[in-house]
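J.: Could you work out the structure for the sequence below:
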Amino acid sequence: MAPNIIGSTFILAETAIADANNNKMSATGAPAPVKQAPAAPAKTVAPAATATPQSTEAKPFKVQVVWHNILLFIILHSMALYGLYLIFAESAYLEILPIYLFSFLGGLGITAGVHRLWSHKAYKAKLPLRIFLMLCQSLAFQNSIWEWTRDHRVHHKFTDTHADPHNSRRGFFFAHMGWLLCRKHPDVGSKGKSIDMSDIEQDPVVMFQKKYYFVVMPICCFILPMMLPYYLMGSSLMVCFFSCSMLRYCISLHGTWLVNSAAHFYGMKPYDVNISSVNSRLVSNITFGEGWHNYHHVFPWDYKAAELGTYNGNWTTAFIDLMAKIGQAYDLKYVSQEMVYKRLRRTGDGSHIAALLDANNNDVKESAPTNEMVVHLDHDLEENAVWGWDDKDISEEDRKNASIVNKEQQCKQE
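T.: So this is what the prediction gives:
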């Protein structure tokens, strides 16, 4: 438990320091004293006028720590560590199989479900697949589909600004999990109101889960992962709870969080050097294909979330392609090679193979991964950032040049 307490203390210090920088306060930390003007005649004084500047003065944002969330995360990580201990102490090595199975299913609920399907509208799914992905997303326990989608669309629309729920400018730890340990910046709520959620609210599967979330989620996330290996494998109930439920849940959380943290700090930027998101093979292997993040932020409506031509490091794309073959997924949108090459030549860091070939095989120095501090990036100046296919700000050129596999009309004819 000690490491968790130390980590919690660290996040408080780091968040406070980062927020002090983000507020862009004066170097002294306090406003400069205002010189008093000579007294004016009584009849010319307007009392309301002197009060107006003070009433309209913006107050700097102050971090409010959510202590009960910190306590819950300390308990969760302690139980997960105990579950890891029980695997070795009880020689319960077979429990690794259900841990991986439920981690994979929960991962699909996040990657193929709430991320690529609902948040970005990168493809469409029929009712049976949507129900399956809803149950898998409930297994992952990362808020309801509706809330996850809203926060993620805000993240793409206002990346690395105060409106970004896990703003990477506030540090690696904040982007990883610290954002869940304190109150959201007011901009998250105010800017979030501008995000169109009407398409999500028209999906009965999403609204059913939202209404009965605290019934569906505990069953999917904690009860089934515990009871199935208990009955099918004959393991002790204690081992099943602490390892298959708590340890598995904790691991899946950190896997998802790596996309918000590591995939915004450590990697290459073949497609756009001006944004913080990077391509990371390690993160992709952990998250079934979500680590090609530089590509994803440039083309958020691509169902592959990557340019790769194989499924290596992108099992989510393999799953969606399989669902398309059996008729459950359709309108799979992806970016043409021509669009990719145009973008990487214009804004990439030169690490893409196409950019290297453009050098006509001259002796070109290898481009080092671009990992400059994200605080120096001008995200506030970005225009027309989009969260996905149905975003009204998506360019007509992107819509016109997008490629679509397994179109809806073809599915109906078949």
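
J.: what helices or strands is the top helix by length along the chain leaning on?
T.: Longest helix in the chain by number of residues (criterion: DSSP state H): helix 67-89. Packing partners of helix 67-89 (3 or more Cβ pairs under 8 Å, 6 or more residues apart in numbering; DSSP states H and E): helix 2-22, helix 237-239, helix 248-260. Every residue, glycine included, has its C-beta placed from N, CA and C.

J.: Sort out which residues of that helix are buried, please.
T.: By 16 or more other Cβ atoms under 10 Å, the buried positions in helix 67-89 come out as 70, 73-74, 76-84, 86-87.

J.: try stretch 281-294
T.: Val283, Ser284, Ile286, Thr287, Phe288, Gly289, Glu290, Gly291, Trp292, His293, Asn294.

J.: One more: stretch 137-152?
T.: 137-146, 148-152.

J.: For the buried residues of stretch 281-294, give me TSV that also has distance to Phe242, secondary structure and pLDDT.
T.: What follows is the buried residues of stretch 281-294, written out as TSV (distance: Cβ to Cβ, whole Å; DSSP: H, G, I helix; E, B strand; the rest coil; pLDDT from 0 to 100):
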residue	distance to Phe242	secondary structure	pLDDT
Val283	27	helix	95
Ser284	29	helix	94
Ile286	22	helix	95
Thr287	24	helix	95
Phe288	25	coil	94
Gly289	29	coil	93
Glu290	27	coil	95
Gly291	29	coil	94
Trp292	34	strand	93
His293	32	helix	94
Asn294	38	helix	93
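
J.: now, the most widely separated pair of those residues?
T.: Phe288 and Asn294 (17.7 Å; Cβ to Cβ).

J.: Would you mind confirming that Arg116 makes contact with Asn314?
T.: No - with contact defined as Cβ atoms under 8 Å, Arg116 does not reach Asn314; the gap is 11.1 Å.

J.: joint contacts of these two?
T.: Ala305 (Cβ atoms under 8 Å, 6 or more residues apart in numbering).

J.: Just want to know which of the two has more residues nearby.
T.: Neighbour tally, Arg116 and Asn314, criterion other Cβ atoms under 10 Å: the higher count belongs to Arg116, 30 against 23.

J.: quick revisit: state the next helix or strand along the chain beyond the longest helix of the chain.
T.: Later in the chain than helix 67-89, the nearest helix or strand by DSSP states H and E is helix 96-108.

J.: what's the angle from that following helix to helix 248-260?
T.: 40 degrees (axes from the mean of the first three to the mean of the last three Cα atoms, to 10 degrees).

J.: what's the model's confidence in helix 96-108, averaged?
T.: Helix 96-108 carries an average pLDDT of 97.

J.: just checking, what packs against the helix or strand following that helix?
T.: From helix 96-108 onward toward the C-terminus, using DSSP H and E, the following helix or strand is strand 124-125. In terms of contacts (3+ Cβ pairs under 8 Å, 6+ apart), strand 124-125 is packed against strand 329-330.

J.: Give the next helix or strand downstream of the strand it packs on.
T.: Defined by DSSP H and E, the subsequent element after strand 329-330 is strand 332-334.

J.: just checking, what packs against that following strand?
T.: helix 315-325, strand 403-405.

J.: Most tightly packed of these?
T.: With neighbours defined as mean count of other Cβ atoms under 10 Å, the helices and strands packed on strand 332-334 peak in mean count at helix 315-325, which reaches a mean of 19.

J.: quick one: contacts of that helix?
T.: Here helix 315-325 has contacts from 107-108, 111-112, 116, 123, 125, 129, 288-290, 303-306, 308, 311, 329-330, 332, 405-406, using Cβ under 8 Å, 6+ apart.

J.: and that helix, how far from the chain's centre?
T.: On the basis of Cα atoms, centre = their mean, to the nearest Å, helix 315-325 sits 21 Å off its chain's mean C-alpha point.

J.: Compute the inter-axis angle for that helix and helix 96-108.
T.: Using the same axes, to 10 degrees: helix 315-325 against helix 96-108 is 70 degrees.

J.: do you know how far Trp179 is from Tyr231?
T.: As for Trp179, its distance to Tyr231 is 38 Å (criterion: Cβ to Cβ, to the nearest Å).

J.: These two: which is more packed in?
T.: Each of Trp179 and Tyr231 has its neighbours counted (other Cβ under 10 Å); Trp179 has more, 25 against 10.

J.: Off-centre distance for stretch 157-174?
T.: 10 Å.

J.: Where does the prediction get shaky in the stretch 1-150 of the chain?
T.: The model of the stretch 1-150 of the chain has pLDDT under 70 over residues 1-59.

J.: does Trp118 really touch Thr149, like I thought?
T.: Yes - in this structure, Trp118 is within contact of Thr149 by Cβ under 8 Å, at 5.0 Å.

J.: which residues sit in contact with the most centrally placed residue in the chain?
T.: The residue lying closest to the centre of the chain (Cα atoms, centre = their mean) is Asn260, at 5.1 Å. With contacts defined as Cβ under 8 Å, 6+ apart, the neighbours of Asn260 are His155, His166, Ser168, Ala175, His176, Trp179.

J.: Could you report the distance from the nearest residue to Val298 once chain neighbours are set aside to Val215?
T.: Nearest non-adjacent residue to Val298, counting by Cβ to Cβ, 6 or more residues apart in numbering: Tyr271, 4.5 Å away. Note on Tyr271: its distance to Val215, by Cβ to Cβ, is 42 Å.

J.: follow-up on the earlier one: give the residues shared as contacts by Trp118 and Thr149.
T.: Both Trp118 and Thr149 are contacted by Ile200, under the criterion Cβ under 8 Å, 6+ apart.

J.: His185: neighbouring residues, count only.
T.: 21.

J.: Can you name the residues that contact it?
T.: Contacts of His185 by Cβ under 8 Å, 6+ apart are Phe61, His162, Ala163, Asn167.

J.: how about those residues in JSON lines, adding secondary structure, neighbour count and distance to Asp203?
T.: What follows is the contacts of His185, written out as JSON lines (DSSP: H, G, I helix; E, B strand; the rest coil; neighbours: other Cβ atoms under 10 Å; distance: Cβ to Cβ, whole Å):
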{"residue": "Phe61", "secondary structure": "coil", "neighbour count": "15", "distance to Asp203": "34"}
{"residue": "His162", "secondary structure": "coil", "neighbour count": "20", "distance to Asp203": "30"}
{"residue": "Ala163", "secondary structure": "coil", "neighbour count": "22", "distance to Asp203": "25"}
{"residue": "Asn167", "secondary structure": "coil", "neighbour count": "28", "distance to Asp203": "29"}
